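Novice: Starting from these lines, generate the structure:
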Amino acid sequence: MTPRSLFNIILKVLGIFFIKDVVTTVPQLISTAVYLLEFGTGNGSLRSLIYAVLQLAIFTYVSYFLIFNTHKLIDLFKLDKGFEEDQFTFQIDASSVYRIAIIVTGAFILVNEIPEFCRFLFNSFEEGSRDYIREKTGISRVVVSVVKMLIGLLLIGERNRIADFFERKQTNSKEDEIE
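Specialist: Below is the predicted model of the structure:
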């Protein structure tokens, strides 16, 4: 494995971790949009929607750039220069590293979201039993939390397809560079 291919894998793994932020921002965006449609533009909901869209755009761009344009970053920062060895010896291929990164990302989402789900579920039941609470949030936070957990489970379950997609995209970009 050359230093260039090592940094290629490292940057792609960082991109996969940014996908976690993209995935967790989408339910927030949907929740804000639904709130905006239900209650109008008051209470800063329009500002929250703009913030969520901007956050989603930034995370999407960074993750796309880290996954599909790693060669530009490696060339820009000269990451593959200055090594005494031309080859590193590792007994693991890139697709295995991608799969591991996807599993870790999905597990990270689950580990963060399961306690949040329990907290939101408890708060939802507590709000239902008390009459003096003015604004009840309902189950929207619980639904968003469930969606995030499902996304984490899908990442773990579909890791092979996602890793194969990254491999195909990398192969296609290498063919485009040769032409």
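
Novice: Show the low-confidence segments of this structure, by residue range.
Specialist: 42-43, 127-138, 173-174, 176-179 (pLDDT under 70).

Novice: Could you rerun that using 80?
Specialist: Scanning the chain for pLDDT under 80 picks out the ranges 1, 35, 38-46, 82-85, 88-91, 122-140, 169-179.

Novice: Show me which positions of the strand or helix carrying Asp164 end up buried.
Specialist: Using DSSP states H and E, Asp164 sits in helix 159-178. Neighbour counts over helix 159-178 (16 or more other C-beta atoms under 10 Å) mark Arg159, Ile162, Ala163, Phe166, Gln170 as buried. All C-beta spots, glycine's among them, are computed from the backbone N, C-alpha and C.

Novice: Check stretch 79-99 too.
Specialist: Leu79, Asp80, Ala94, Val97, Tyr98, Arg99.

Novice: Then stretch 28-42?
Specialist: Gln28, Leu29, Ser31, Thr32, Tyr35, Leu36.

Novice: Which pair in those residues has the greatest spatial separation?
Specialist: Pairwise distances across those peak at 12.5 Å for Gln28 and Leu36 (criterion: C-beta to C-beta).

Novice: Could you pull out the residues contacting both of those two?
Specialist: Residues within reach of Gln28 and of Leu36 at once, by C-beta atoms under 8 Å, 6 or more residues apart in numbering: there are none.

Novice: sorry, back to before: of the buried residues of stretch 79-99, which belong to strands?
Specialist: Using DSSP state E, no member of the buried residues of stretch 79-99 sits in strands.

Novice: Let's have the residues you listed in CSV, adding distance to Gly152.
Specialist: As requested, these are arranged in CSV below (distance: C-beta to C-beta, whole Å):
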residue, distance to Gly152
Leu79, 30
Asp80, 33
Ala94, 23
Val97, 19
Tyr98, 17
Arg99, 15
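
Novice: Okay, and Leu153 sits in which element?
Specialist: helix 140-157.

Novice: chain center to that helix: distance?
Specialist: Distance of helix 140-157 from the chain centroid (C-alpha atoms, centre = their mean, to the nearest Å) equals 12 Å.

Novice: thinking again about what came up before, how about the buried residues of helix 159-178, which pair is most distant?
Specialist: Farthest pair in the buried residues of helix 159-178 (C-beta to C-beta) is Arg159 and Gln170. Separation: 16.3 Å.

Novice: Could you single out the nearest of the buried residues of stretch 79-99 to Arg119?
Specialist: Nearest to Arg119 out of the buried residues of stretch 79-99 is Arg99 (C-beta to C-beta; 31.2 Å).

Novice: Can you give me the distance of the closest one to Phe117?
Specialist: Taking C-beta to C-beta, to the nearest Å as the measure, Arg99 falls 26 Å from Phe117.

Novice: Same check on Val34?
Specialist: Using C-beta to C-beta, Val34 is found at 19 Å from Phe117.

Novice: Fine, thanks again, bye for now.
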